[in-house]
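In: Give me coordinates for this.
(chains A and B)
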Amino acid sequence: MRLSTSFIPTLKEDPSDAEVVSHRVMLKGGMVRLLAAGLYSYLPFLWKSLLKAMQIIREEMNAIGGQEFHFPALHPIDLWDETGRNEDFGDDVFRLKDRKGRGMLLAPTHEEVVGDIARSEIRSYRDMPQIWYQIQTKFRDEPRPRSGLLRTRQFIMKDSYTLDVSQAALDHGYDLHARAYRRIFTRCGLRFFEARASSGLMGGTGSQEFLVEGASGEDRAVVCDSCGFAGNVEVAGTQWQMAPGEEAPLEEVHTPEQRTIEDVSKFLDIPAERLVKSLVYMDAEDRPVMFLVPGSHDLNEAKAASAVGSAVRPAEAEEVLRVMSAPAGFVGPVGAPEGLGIFADLSLEGLLDGATGANRGDYHVVHMNLARDVQVTSYADLRTVHEGEACTVCGSAVRVITAIEMGHIFKLGTKYSEALGATFQDENEEEKPIVMGSYGIGVERIAAAAIETRADDDGTTWPSSIAPYHVLVLAVNMGDDEVVKASETLYEEMMSAGLEVLFDDRDIRAGAKFNDADLLGLPLRVTIGRKALDRGVAEVLIRIEKQTVDVPIAEAAAFCREKIDAEIAGYNQRADEVQDG
RNA sequence: CGGGGCGUGGCGCAGUCCGGUAGCGCACCUGCUUUGGGAGCAGGGGGUCGCCGGUUCAAAUCCGGCCGCCCCGACCA
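Out: Below you'll find the model as predicted:
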């Protein structure tokens, strides 16, 4: 492709609205344009990369026996009422009506449609296992789209679904997906890791995320470099435990205007961890619950929700006052109202000498013995872990990192098949619900993560496997006939060699060409100019290494072909190595 | 949903406090010169100042309402 006739509208100046690297590179590099918040047009250059990523996904999905579908993106809303997820998704789903007034929605995911086909078509245990997948646009009315393509309201997802006769069969389909995912991300040139995860809205019995470490990510994960354990902070715990302390009689102390942990800790001269945070939340039915975590740590709401078995939200100040008869800042579990569910963090078990709010304005209690003074409903892992705490598996210090979620796989079980009546007859003539799994990959995030992890100040560098083109041929001066002739020849040769080539044949100054080349970040840049020509060579820049090598012009095409092939072969080999986890 | 910032030619911004003919750089068009890291000179085109309403002789500027985009937070008592 000739750059002179391409639509790759690069910008000279940094776009003002882009903060994260991938967003900035994509806007500046003429790869995307914003239509509205969280809605982007993908321009030809980026689209080529996305197509390559999708092709890799297809190959690996087909390799595990997946069959590609194309489901509707527009669904009748009554189907979603059958599973209850119309309500569960709340404002996150786009809803509309057709001309007859029937409620419709733009699909945020496709379990319902898969379940609908399964219930009418899958009759017998002989019809399974099935692996169904599609690569399709999803719609989610996110509360806050952000970070360019990392969180949008319309995005492309590879979603797949397994239909099985048993939990054991599901485990197999799930493992096949884990294997395919490892191969996909590796072949796309990404350094990923896997983490245990929360199932959230999907429900089910187990799930796992595929993440790429990167500062722009929205996920936080606990990782142990020593034993390899990794988990999303929403589920991962540590062995951290505080010393129980000395037992003493409960005592109420005057703490005027001392509301925050920091204030009270200073005022009473008690370490923050011994100050028990007493947090009032409301569950999905608007019933109050209380969570207790050490003052040194934060409550993790995802953990809190799974402890209670319901979504939770922080109580409003008035609700706190009504429930506890004490103002926020001074509430506590001692003398809490009858019937209030009290969930305490595991690290507080056996606490003998804690302090917390006294349920009376301007007062706290000290020497709280949790077992003696409080009716704890249950102990659970509730706190967000800190860097350096001990790994639950091996005891080594863990790291807490930010990461981009690339893929997520779920063992759904029978939640959807039961709700939809998707059953089959087994070999004993028994009617059973189909056992389902569901698996997703965010396609744009593959490109975004590649940029996030590989960009420098000048632009990005694509992994060869998903690079929009392999090589950029840069003709330094289009006013020089010899340069034009040599670069045209090389361009043709490279295409004959099967390389994908972007030829910068624009009649503009060299500086502008070099800057665009750096920005667009194709794996190889071949410069043809007076200087090189006089020496009979082409200057090949290996973008990721920032290394330039002189190659005789006649050999340049073969040299590039070899470089690209070697990189892709390297990814493929690595995929073979990592596929089994 | 709460908080903050921003909205002025295609892009990046100044002008707004203190009302008085809408500006700068880049980009674009024409010509000449130039040509290995975003050229120079000369000439030229392009803007409902986010939208609606109000105040005023006069509004990009003041007042009210709305919309949009970006960032932070979705919480600690």
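
In: Which strands or helices does the longest helix along chain A pack on?
Out: If you go by DSSP state H, chain A has its longest helix at helix A:553-578. Judged by 3 or more Cβ pairs under 8 Å, 6 or more residues apart in numbering; DSSP states H and E, the packing partners of helix A:553-578 are helix A:167-187, helix A:481-496, strand A:524-528, strand A:537-542. (Glycine included, C-beta is placed from N, CA and C.)

In: after the first one comes which helix or strand?
Out: The first helix or strand that comes after helix A:167-187 along the chain, using DSSP states H and E, is strand A:192-196.

In: who does that following strand touch, helix- and strand-wise?
Out: Looks like strand A:192-196 contacts helix A:167-187, strand A:206-213, strand A:219-223, strand A:230-232, strand A:399-413 (3+ Cβ pairs under 8 Å, 6+ apart).

In: Next, format these as TSV and append mean neighbour count.
Out: Below are those laid out as TSV (neighbours: other Cβ atoms under 10 Å):
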stretch	mean neighbour count
helix A:167-187	21
strand A:206-213	23
strand A:219-223	22
strand A:230-232	23
strand A:399-413	22
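
In: Can you convert those into TSV and add a column each for mean pLDDT and distance to residue A:497?
Out: Shown next, in TSV, are these (pLDDT from 0 to 100; distance: least, Cβ to Cβ, whole Å):
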stretch	mean pLDDT	distance to residue A:497
helix A:167-187	97	22
strand A:206-213	91	32
strand A:219-223	92	41
strand A:230-232	90	42
strand A:399-413	93	32
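
In: Kindly reformat those as a markdown table containing distance to residue A:357.
Out: Shown next, in a markdown table, are the helices and strands packed on strand A:192-196 (distance: least, Cβ to Cβ, whole Å):
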| stretch | distance to residue A:357 |
| --- | --- |
| helix A:167-187 | 45 |
| strand A:206-213 | 36 |
| strand A:219-223 | 28 |
| strand A:230-232 | 31 |
| strand A:399-413 | 28 |
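
In: Let's have those in TSV, adding distance to RNA strand B.
Out: Below are the helices and strands packed on strand A:192-196 laid out as TSV (distance: least, Cβ to the nearest atom of the strand, whole Å):
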stretch	distance to RNA strand B
helix A:167-187	24
strand A:206-213	17
strand A:219-223	10
strand A:230-232	14
strand A:399-413	10
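
In: among those, which is nearest residue A:426?
Out: Judged by Cβ to Cβ, the one of those that comes nearest to residue A:426 is helix A:167-187, at 11.5 Å.

In: just the angle between the closest one and strand A:206-213, please?
Out: 10 degrees (axes from the mean of the first three to the mean of the last three Cα atoms, to 10 degrees).

In: Now do helix A:167-187: which elements does it pack against?
Out: Counting by 3+ Cβ pairs under 8 Å, 6+ apart, helix A:167-187 packs on helix A:44-63, strand A:154-164, strand A:192-196, strand A:206-213, strand A:399-413, strand A:435-442, helix A:553-578.

In: which one of those is the most hemmed in?
Out: Between the helices and strands packed on helix A:167-187, strand A:435-442 has the highest mean count of neighbours, a mean of 26, where neighbours are mean count of other Cβ atoms under 10 Å.

In: Which secondary structure elements does the helix or strand following that one sit against?
Out: Using DSSP H and E, the next helix or strand after strand A:435-442 towards the C-terminus is helix A:443-454. Contact here means 3+ Cβ pairs under 8 Å, 6+ apart; on that basis helix A:443-454 packs against helix A:21-28, helix A:44-63, strand A:154-164, strand A:206-213, strand A:399-413.

In: Can you check the pLDDT for the closest residue to residue A:359 other than its chain neighbours?
Out: Once flanking residues are discounted, residue A:359 sits nearest to residue A:326: 4.2 Å by Cβ to Cβ, 6 or more residues apart in numbering. Residue A:326 carries a pLDDT value of 85.

In: cool, the one 3 residues further on as well?
Out: pLDDT recorded at residue A:329 is 81.

In: same deal with the one 10 residues further on?
Out: Reading off the per-residue confidence, residue A:339 sits at a pLDDT of 85.

In: any idea how far it is from residue A:170?
Out: Distance, residue A:339 to residue A:170, using Cβ to Cβ, to the nearest Å: 39 Å.

In: swap in residue A:79?
Out: In terms of Cβ to Cβ, residue A:79 sits 23 Å off from residue A:170.

In: Hmm, residue A:52 is touching residue A:466, no?
Out: Yes. Using Cβ atoms under 8 Å, residue A:52 is in contact with residue A:466, at 4.6 Å.

In: got any ranges where the stretch 201-350 of chain A has weak pLDDT?
Out: A:201-204 (pLDDT under 70).

In: Count the neighbours of the closest residue to residue A:42 other than its chain neighbours for me.
Out: Spatial nearest neighbour of residue A:42, chain neighbours left out: residue A:32 (5.9 Å); criterion: Cβ to Cβ, 6+ apart. Using other Cβ atoms under 10 Å, the number of residues around residue A:32 comes to 24.

In: near RNA strand B, which residues of the stretch 401-550 of chain A show up?
Out: A:458, A:476-477, A:479-480, A:508-512, A:514-519, A:527-533, A:539, A:541 (Cβ under 7 Å from any atom of the strand).

In: cool, and the stretch 101-250 of chain A?
Out: Residues of the stretch 101-250 of chain A lying near RNA strand B (Cβ under 7 Å from any atom of the strand): A:143, A:144, A:145, A:146, A:147, A:148.

In: Only whichever of these are buried, select them in ChimeraX.
Out: Entered in ChimeraX, the line below selects the buried ones among these, by 16 or more other Cβ atoms under 10 Å:
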select /A:145,146,147,148
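
In: any idea how far stretch A:27-35 is from the chain center?
Out: 22 Å (Cα atoms, centre = their mean, to the nearest Å).

In: Which residues does it contact?
Out: A:7-11, A:14-15, A:17-18, A:25-26, A:40-43, A:45-46, A:148-149, A:459-460, A:519-521 (Cβ atoms under 8 Å, 6 or more residues apart in numbering).

In: give me that answer again for 7 Å
Out: Applying Cβ atoms under 7 Å, 6 or more residues apart in numbering, the external contacts of stretch A:27-35 come out as A:8-11, A:14-15, A:18, A:26, A:40-43, A:45-46, A:149, A:459, A:519-520.

In: Now, of the residues you listed, which are buried?
Out: Buried among these by 16+ other Cβ under 10 Å: A:8, A:10, A:18, A:26, A:40, A:42-43, A:45-46, A:149, A:459, A:519-520.

In: Confirm for me that residue A:91 is in contact with residue A:141.
Out: Yes. Applying Cβ atoms under 7 Å, one finds residue A:91 in contact with residue A:141, separated by 6.3 Å.

In: Between the two, which is the more surrounded one?
Out: residue A:141 (17 against 9).

In: can I assume that one sits in a strand?
Out: No. Judged by DSSP: H, G, I helix; E, B strand; the rest coil, residue A:141 forms no part of a strand; its state is coil.

In: My guess is it contacts residue A:92. True?
Out: Yes. Counting by Cβ under 7 Å, residue A:141 touches residue A:92, with 5.5 Å between them.

In: Give me the distance between residue A:545 and residue A:334.
Out: Using Cβ to Cβ, which is the criterion applied here, residue A:545 is 63 Å from residue A:334.

In: Enumerate every residue touching the residue in the stretch 301-450 of chain A that RNA strand B sits nearest to.
Out: Closest residue of the stretch 301-450 of chain A to RNA strand B, Cβ to the nearest atom of the strand: residue A:328 (3.1 Å). Residue A:328 sits next to A:317, A:320 when contact means Cβ under 7 Å, 6+ apart.

In: For the residue lying closest to residue A:234 once chain neighbours are set aside, what is the enclosing helix or strand?
Out: Residue nearest to residue A:234 in three dimensions, not counting chain neighbours: residue A:302, with 3.5 Å by Cβ to Cβ, 6+ apart. Using DSSP H and E, residue A:302 sits in helix A:301-308.
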